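Have a look; sequence and predicted model below, questions after that.
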Amino acid sequence: MAAGSASDPKLAELTAIIAEIRERVRARHPSTMDGGLPLPDLLPVLHARDVAMSKVASIGTVNPRPPGLVNGIAQGFKKLVARALDWHVREQVEFNRAAMSCIEAVLEALQEANRTSAQIAQRLAAAEQGAAASRDQREHWERWRQEWEQKLSTNEIQFLRSVADLQTAYQHRATLMEGNFRGLVEAQHSDFDVALEKATLDIQGRLWKDLERIRGDYERLIHTELRLVRQRAALVTAAAPAAPAVQAAAPAALSFPPLDWMKFADRFRGSDQYVREKQRFYVESFQGAPNVLDIGCGRGEFLELMREAGVPACGIDLGEECVATCRAKGLAAERADLFEYLTGLADQSLGGIFCAQVVEHLPPERVPEFIRLAQQKLARGGVLAIETPNPECLAIFATHFFLDPTHTRPIPPPLLVFYFEEYGFGSIEVHRLSPAVESMPEVATLPEAFRSAFFGGLDYAVLGKRLA
């Protein structure tokens, strides 16, 4: 134990010497450059050189053998043979020694190349360290510049954003103020337009009412004056000697054999739908009437329109088949003569009278009587509408009028208007209906003025309101 302790310092000293030698060898024979790049390893070549040198040195020597007679004789013989062959291998030994010298020079050159490479690597490492420091400074400067530019850009963006926010707020405020102002102006303008339109309509309504009232008063005054004139003329006539009365004989009624008048109406007047669409024109004039009488109701087209409009209406007709057709449709109708029926009604009991394609069947002297009866039975403001063929249209004589054998004589529009005025109707309107050009396209080739004067509406209607 004591011997081991005493040898420890020596062992440590020996280990240190070995390490120092190793470091010197490494310094003399470097194996890697700085940065980890390996250099050519020459130790195997050195070992091979040492082995070769030992072989060269052993040429001409004899291997040692243990002492003894036989071994001594053998060793002496070997030495004799070696001296005898010395002249033969001398050139080979010199060549081997020259080759080893060459190898020594090559190894020394390689060692010097390694040391030079190591020095170059050290210098490159130092230069790289300097470049790294310079690169670090440049990178730091670039980073600082980028950060400064970024901060500058950020500040500029924030400033511009603040300016934009202020501008947006100002624009929004200005837009709100402008919108409020525009809304206020538009509201005032709208209120003004509404008030103006309301005032205009009110004034216009009052004007039309006043005009209607004035027109009615004027027509009633004219009617009263005419009645007074007729009364005065009657008094003068009564004072004169009475002339013998001559009773005009009524023309004998024409008698026709039984015909299918429904088929006749379908062929020459038109279908229910066609007639109903033509008569829809009158619905507005009778809207709101308490009760309406349709004289000559036929198949009930006008009664159907009144039912659709919610106006109470009934009809009369001489044809039993027509009355049956109306009743089958759920319409109020009865068979009666218009003079007998009107005479049996109470005065001012009707709100409206509609008579289409009837008066042309009456004797001319009975048309005024019919209008007088209608005026008696209508309430004040009641409407009388009479539709009949238009003799102003020459086409009516070539086609429609004489197709019906029960027609007596057409009534010109001015004459029918005169009857209306004579028996106390006002607000008289004349409407030309069913233009001839619709059923006779050839008429379109005529000049416009001539066509309007002589080929206008095939029918016409006169509408009037009872004045008093």
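Sure thing, it's come through.

And Leu318, how far from Ala195?
58 Å (CB to CB, to the nearest Å). Where you see a C-beta, it was placed from the backbone N, CA and C, and this is true even at glycine.

for Arg24, that is, sorry about that
For Arg24 relative to Ala195 (CB to CB), the value is 120 Å.

again, but for Glu387
44 Å.

Between those two, tell me which one has more neighbours.
Glu387 (26 against 10; other CB atoms under 10 Å).

Name the SS class of that one, please.
Counting by DSSP: H, G, I helix; E, B strand; the rest coil, the backbone at Glu387 sits in strand.

check contacts around it.
Going by CB atoms under 8 Å, 6 or more residues apart in numbering, Glu387 touches Cys355, Ala356, Gln357, Leu433, Asp459, Tyr460, Ala461.

now it, which residues is it bridged with?
Beta bridges link Glu387 to Ala356, Ala461, judged by DSSP bridges.

what helices or strands is the helix or strand harbouring Arg215 leaning on?
Assigned by DSSP states H and E, Arg215 belongs to helix 86-239. Applying 3 or more CB pairs under 8 Å, 6 or more residues apart in numbering; DSSP states H and E, we find helix 86-239 packed against helix 43-57, helix 413-422, strand 425-435.

pretty sure Ile351 is touching Ala289, no?
Rather than Ile, residue 351 is Gly. Yes: applying CB atoms under 8 Å, one finds Gly351 in contact with Ala289, separated by 3.5 Å.

Overlap of the contact sets of those two?
Gly382, Val383.

Which pLDDT does the model give Leu42?
Here the pLDDT value assigned to Leu42 is 67.

To clarify, my last question referred to Leu259.
So, for Leu259, pLDDT stands at 57.

Could you do Cys355 as well?
Note for Cys355: predicted pLDDT of 95.

sorry, back to before: using a markdown table, please lay out the contacts of Glu387 together with neighbour count and distance to Arg161.
Listed next are the contacts of Glu387 as a markdown table, based on neighbours: other CB atoms under 10 Å; distance: CB to CB, whole Å:
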| residue | neighbour count | distance to Arg161 |
| --- | --- | --- |
| Cys355 | 22 | 86 |
| Ala356 | 22 | 83 |
| Gln357 | 19 | 87 |
| Leu433 | 15 | 78 |
| Asp459 | 19 | 82 |
| Tyr460 | 23 | 82 |
| Ala461 | 24 | 79 |
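
what about Gln375, neighbour count?
For Gln375, using other CB under 10 Å, the count is 23.

tell me the contacts of it?
Contacts of Gln375 by CB under 8 Å, 6+ apart are Leu384, Tyr423, Gly424, Phe425, Arg466.

try it again with 10 Å
347-348, 353, 382, 384, 419-420, 422-425, 464, 466-468 (CB atoms under 10 Å, 6 or more residues apart in numbering).

and these, which are buried?
The neighbour-count test (16 or more other CB atoms under 10 Å) marks Ile353, Gly382, Leu384, Tyr419, Phe420, Glu422, Tyr423, Gly424, Phe425, Gly464, Arg466, Leu467 as buried among the contacts of Gln375.

Now the first one. Its backbone dihedrals?
The phi and psi torsions at Ile353 (degrees, to the nearest 10) take the values phi -130, psi 130.

Lys465 is in contact with that one, correct?
No: contact between Ile353 and Lys465 fails when scored by CB atoms under 10 Å: they sit 11.3 Å apart.

how about CSV for the contacts of Glu387, with distance to Thr168 added?
What follows is those, written out as CSV (distance: CB to CB, whole Å):
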residue, distance to Thr168
Cys355, 77
Ala356, 74
Gln357, 78
Leu433, 69
Asp459, 73
Tyr460, 73
Ala461, 70
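
right, and Val383 touches Gly351 too?
Yes: applying CB under 10 Å as the test, Val383 and Gly351 come out as touching, 7.8 Å apart.

that older thread, what touches both of Ile353 and Lys465?
Common neighbours of Ile353 and Lys465, using CB under 10 Å, 6+ apart, are Leu378, Gly382, Val383, Leu384.

ok, so of these, who is nearest Pro363?
Leu384 (19.5 Å; CB to CB).

now that closest one, what's its secondary structure?
strand.

Okay, now the unreliable bits of the stretch 201-350 of the chain?
Within the stretch 201-350 of the chain, the segments meeting pLDDT under 70 span 223-224, 226-228, 230-270.

where exactly do the strands run in it?
292-295, 313-317, 333-335, 350-356 (DSSP state E, counting those that start in this stretch).

And Ile386, how far from Arg145?
For Ile386 relative to Arg145 (CB to CB), the value is 106 Å.

what do you get for Gln158?
Distance from Gln158 to Arg145, by CB to CB: 20 Å.

Need the shared contacts of Ile353 and Lys465 in JSON lines (columns: pLDDT and distance to Ala19).
Below are the shared contacts of Ile353 and Lys465 laid out as JSON lines (pLDDT from 0 to 100; distance: CB to CB, whole Å):
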{"residue": "Leu378", "pLDDT": "93", "distance to Ala19": "149"}
{"residue": "Gly382", "pLDDT": "92", "distance to Ala19": "145"}
{"residue": "Val383", "pLDDT": "94", "distance to Ala19": "142"}
{"residue": "Leu384", "pLDDT": "94", "distance to Ala19": "147"}
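
For Arg83, state which of the residues you listed is nearest.
Val383 (175.4 Å).

what's near enough to touch the closest one?
Per CB under 10 Å, 6+ apart, neighbours of Val383: 282, 285-287, 289, 292, 350-354, 425, 427, 463-466.
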